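In: Okay, predicted coordinates and the sequence, questions at the end:
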Amino acid sequence: MLSFRDIPVKQKLMMATMVTTAVALLLAGIGIVLADSLLFRGYLQRDLSGLAHIIADNSTAALAFNDQRSAAETLAALRVRTHLVAACIYRRDGTMLADYRRTGAQSGCPAPGAPDGIRFTSAALTVSYPILLSGHRIGTLVLLYDLGEIQERMKLYGLTVLGVLLASILIAFVLSSRLRTIIAAPISQLARAATSVARTKDYSIRARKNSGDELGVLVDAFNEMLAGIQSRDDNLRNALLDRQEALKEAQNARESLETTVASIGDAVIATDIEGRIVLANRVAQSLMKLLESEMIGKHLDEVFRIFNEFTGAKVESPVTKVLREGAIVGMANHTVLIARDGTEIPIDDSGAPIRGASGEIQGTVLVFRDVTAKRRADETGRLLASIVESSDDAIIGHGLGGVIIAWNRGAERIFGYSAEEMIGKPASALTAPGRVDEMPEILERIARGERVDQFQAPRRTKSGTVIDVSITISPMYDALGRIVGASKIARDVTGQVRAAERLAQMNADLQRANENLARSNDDLERFAFVASHDLQEPLRMITVYSQLLIRTHSGEFDDQAAMCVDNIVGGTKRMRELLSDLLAYAEIGGTPEEPVQTVDLNVVIEKVTQNLKVAIEDSGAVITAGRLPSLSAYEGHFIPLFQNLIGNAIKYRGEQPPRIHVSAQMSDGELRFSVADNGIGIPPQHHQKIFTPFKRLHGKATPGTGIGLAICQRVVERYGGRIWVESDAGKGATFIFTVPDIAIHAVEEN
């Protein structure tokens, strides 16, 4: 039995034709059936999805108001769909509001828990669709659809395809049996010729023509094709060589153009005649926040969005204007570009046409730049100019040669010259008479980049008046950082200089007065010390001899003489007491010879009570004291302080025995002492007078010198404190004095 490849061409052609036709028709039929099935499924999905959408929208009100009857009526309209098994409307919580079942249906709707959409199973199709109200889900619509309609359609199409297939095979068999010989022979010859050409690459081979029918035409065409191929092969070989050269030149030209455009500092976009972008350099990509691949091929208006900065109105595309006018156009002022990220960039741009060799417009080129920095520089320049003009100080610009190039209103106010009078003149025009012009030396320092800080110099005004000015000079730089001049700020300090001179003179006068006062104080203290010390001895002699006179000549004097001698003795005694207090007062103001030491004020109170023992016993006074601190001070100061205060409390007692209490406490960062008594008190109008030396409220009726409280005040003020009295007539008195707590801290540190 011969194999297929060994059978005659006629039979092989018939078999091949029949098998090919059958297989092709079978595959075509199967494909048609499958394609129809798939398309019908898609159609069914869209149909049911649309139906679900309509039912869901119509059920929104019924579900929102829980109207089961209305919902059931809506679902009942589905009875016209014979393949719809069931339909249900579920509430949001999963409970059923209404349902519909086809007559005789065994199954109902599935639960609504599955995701929304259409799901196919082996036997049915389920649709789950949300029911929305104002964008919020309020329930779910579920449809159950059987697949009987798809199966019926596939069965119908399958029978149709099978009938067509059998009829086609029969017809193909009849036709192929008649035509196989006529077709096979020329084809075989043509195949042999083609095989020979393919094998040898010899395009000079030609096939033999046996008939004038289509096969003959095919042979002629084949032969002509071979001739054409032979000719084109030669031409193509030459064309390929030419094309390679042209591509190389075009590539070189494009690379050169791209390099040139990329090196331009401005943004560049090129479009074709229709306004579509064909090129965008890196600067344009950066400003528009787009990649070149995102721009190429798009119309310029799609990516190049420009608006008026103030009105927000859209600005006409420069490409449109260029194509319309055929000339170079500039962008209107206050134009901003909106980048992809929404950034607003003020730009300045221009567009120009791209013309071919014959002058026709082939496209446009758009050049634009970000003018943000330029605007800021302009604003800064205007602001600086405004500051300079409004400054009260003189701000003057000099060239490196010393010629004035700028003159503000402050300079005009201070020096009296207008800008027209001074610009172009040398700075030496302001030099005061008899003064050396220091500007040349200063300009040399400025040229080296140095700054000359404030210095004072006299200057001459337009009226000839010489004024004192404080000057600061700084270098001025151009855009390249080169020093081109100097900026001088001058301030009229004539008033300050005159005031400083007057203040210096007053300070000198005050210093001399203080020195004179110090000498006077020293002389006064020295006089008081010498007077009180040197007068003690004569007074003691007067007292002694007066007493001796009475004792030795007793009985020789009458009563009047004895009274005179007694007055002499009493007067000298009071004089000695006064000198003693005066000496104590002077010593407190001076510098003690003994060093500062830790003074226990409790011990001081004990010594004071011992000194006043006789007065205490005679008056029946009771003296109490709280726990007192220790101070870093001179004991010789605090003994007379407390002794005078306690002694006065005993001296100016009332009808009751004196009750005196000494206490101390911290208050507002200082140590506050108080000496309280139950004496006769002091009227408020005398509270300040009692601290005046020799001031006595009760005259000579009460013994004393009138300097005790002055001594107390001097002691307290020596230590940075203050003393006062709180009292009223007949209600006792409380003397209060303060000492800064630094005296206590000094004791604690020791």
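Out: That came in fine, so what should we check first?

In: residues contacting residue 162?
Out: Each residue near residue 162 by C-beta atoms under 8 Å, 6 or more residues apart in numbering is listed here: residue 29. C-beta: built from backbone N, CA, C; applies to glycine.

In: Tell me the spacing between it and residue 285.
Out: Going from residue 162 to residue 285 by C-beta to C-beta, to the nearest Å gives 63 Å.

In: ok now do the closest residue to residue 292 other than its chain neighbours, which residues does it touch?
Out: Nearest residue to residue 292 in three dimensions, chain neighbours excluded: residue 280, at 5.2 Å (C-beta to C-beta, 6 or more residues apart in numbering). Under the criterion of C-beta under 8 Å, 6+ apart, the contact list for residue 280 reads 267-270, 288, 290, 292, 295-296.

In: one more time with 6 Å
Out: The contact partners of residue 280, by C-beta atoms under 6 Å, 6 or more residues apart in numbering, come to 269, 292, 295.

In: mind listing which of these are in strands?
Out: residue 269 (DSSP state E).

In: Using TSV, lay out the contacts of residue 280 together with pLDDT and neighbour count.
Out: Output for these, formatted as TSV (pLDDT from 0 to 100; neighbours: other C-beta atoms under 10 Å):
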residue	pLDDT	neighbour count
269	87	27
292	84	13
295	88	21
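
In: between the contacts of residue 280, which is nearest residue 98?
Out: Taking C-beta to C-beta as the measure, residue 98 lies nearest residue 295 of the contacts of residue 280, at 56.6 Å.

In: separation between residue 343 and residue 18?
Out: Per C-beta to C-beta, residue 343 is found 72 Å from residue 18.

In: Look at the two and report which has more neighbours.
Out: More crowded of residue 343 and residue 18, by other C-beta atoms under 10 Å: residue 18, with 15 against 12.

In: So which elements touch the strand or helix carrying the more buried one?
Out: Per DSSP states H and E: residue 18 is located in helix 9-64. Helices and strands touching helix 9-64, by 3 or more C-beta pairs under 6 Å, 6 or more residues apart in numbering; DSSP states H and E, are helix 68-76, strand 124-133, strand 136-146, helix 148-200.

In: Nearest residue to the one residue sitting closest to the centre of the chain in space, please, no chain neighbours.
Out: Among the residues of the chain, the one closest to the centroid is residue 343, at 18.8 Å (C-alpha atoms, centre = their mean). Spatial nearest neighbour of residue 343, excluding adjacent residues (C-beta to C-beta, 6+ apart): residue 289 at 7.1 Å.

In: Nearest to residue 374 among the helices and strands packed on helix 9-64 would be which one?
Out: Closest approach to residue 374 among the helices and strands packed on helix 9-64 (C-beta to C-beta): strand 136-146, 53.4 Å.

In: State the mean pLDDT of that closest one.
Out: Average pLDDT, strand 136-146: 87.

In: again with stretch 192-199
Out: Stretch 192-199 shows a mean pLDDT of 77.

In: From the rest of the structure, what touches that stretch?
Out: 205, 207.

In: can you rerun that using 7 Å?
Out: Contacts to stretch 192-199, defined as C-beta atoms under 7 Å, 6 or more residues apart in numbering, come from residues 203, 205, 207, 226.

In: among those residues, who's most crowded?
Out: residue 207 (22 neighbours).

In: any chance of the contacts of residue 280 in JSON lines, with distance to residue 508 too?
Out: Output for these, formatted as JSON lines (distance: C-beta to C-beta, whole Å):
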{"residue": "269", "distance to residue 508": "80"}
{"residue": "292", "distance to residue 508": "82"}
{"residue": "295", "distance to residue 508": "83"}
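
In: Now flag whichever of the contacts of residue 280 is closest to residue 405.
Out: Taking C-beta to C-beta as the measure, residue 405 lies nearest residue 269 of these, at 43.0 Å.

In: right, and the closest one touches residue 366 too?
Out: Yes - at 4.5 Å, residue 269 counts as touching residue 366 under the criterion of C-beta atoms under 7 Å.

In: For beta bridges, what are the partners of residue 125?
Out: Judged by DSSP bridges, the bridge partners of residue 125 are residue 120, residue 145.

In: what's the distance between the residue nearest to residue 343 and residue 371?
Out: Counting by C-beta to C-beta, the separation of residue 289 from residue 371 is 18 Å.

In: In terms of packing, which of those two has more residues around it?
Out: Here residue 289 and residue 371 are set side by side on neighbour count (other C-beta under 10 Å), and the busier one is residue 371, at 18 against 15.

In: just to revisit the earlier point, got phi/psi on the residue nearest to residue 292?
Out: Here is the backbone geometry of residue 280 (degrees, to the nearest 10): phi -150, psi 120.

In: Model confidence score at it, please.
Out: On pLDDT, residue 280 comes in at 87.

In: quick one: it and residue 100, what's the gap?
Out: For residue 280, the distance to residue 100 (C-beta to C-beta) stands at 62 Å.

In: Show me where the stretch 451-600 of the chain has its strands.
Out: Along the stretch 451-600 of the chain, the segments classed as strands by DSSP state E, counting those that start in this stretch run 452-460, 466-477, 483-492, 597-600.

In: those helices in the stretch 601-750 of the chain, which residues are they?
Out: 601-611, 613-619, 635-651, 708-718, 742-749 (DSSP state H, counting those that start in this stretch).

In: So which elements touch the second one?
Out: Helix 613-619 is packed against helix 635-651, with contacts defined by 3 or more C-beta pairs under 7 Å, 6 or more residues apart in numbering; DSSP states H and E.

In: ok, residues contacting the helix it packs on?
Out: In contact with helix 635-651 (C-beta under 7 Å, 6+ apart) are residues 584, 588, 592, 597, 599, 601, 604-605, 607-608, 611-612, 615-616, 619, 621, 623, 658, 660, 675, 677, 679, 702, 704, 708-709, 711-712, 715, 718, 735.

In: Filter the residues you listed down to the buried ones and hand me the PyMOL line.
Out: In PyMOL, this line selects whichever of the contacts of helix 635-651 come out buried by 16 or more other C-beta atoms under 10 Å:
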select buried, resi 584+588+599+601+604+605+608+611+612+616+621+623+658+660+675+677+679+704+708+709+711+712+715+735
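
In: By mean pLDDT, flag the weakest helix or strand of this protein.
Out: The helix or strand of the chain with the poorest confidence is helix 742-749; it has a mean of 50 (mean pLDDT, DSSP states H and E).

In: re earlier: would TSV of the helices of the stretch 601-750 of the chain with distance to residue 459 be doable?
Out: Formatted as TSV, the helices of the stretch 601-750 of the chain follow (distance: least, C-beta to C-beta, whole Å):
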stretch	distance to residue 459
helix 601-611	67
helix 613-619	79
helix 635-651	60
helix 708-718	52
helix 742-749	52
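
In: which one of these lies closest to residue 408?
Out: Once the helices of the stretch 601-750 of the chain are compared by C-beta to C-beta, helix 742-749 is nearest, at 55.2 Å.

In: List the backbone torsions phi and psi for residue 627.
Out: Here residue 627 shows phi and psi, under degrees, to the nearest 10, equal to phi -70, psi 120.

In: Now do it against residue 601, distance only.
Out: Per C-beta to C-beta, residue 627 is found 9 Å from residue 601.

In: again with residue 509
Out: The gap separating residue 509 from residue 601 is 44 Å, by C-beta to C-beta.

In: any idea how far residue 314 is from the closest residue to residue 317 other than its chain neighbours?
Out: Leaving aside its sequence neighbours, residue 317 sits nearest to residue 301 (C-beta to C-beta, 6+ apart; 5.2 Å). Distance from residue 301 to residue 314, counting by C-beta to C-beta: 10 Å.

In: mind checking the SS state of residue 435?
Out: Put simply, residue 435 is coil when judged by DSSP: H, G, I helix; E, B strand; the rest coil.

In: before we move on, back to that, between the contacts of residue 280, which is nearest residue 74?
Out: residue 295 (52.6 Å).

In: my read: the closest one touches residue 276, true?
Out: No - between residue 295 and residue 276 there is no contact under C-beta under 7 Å: 9.7 Å.
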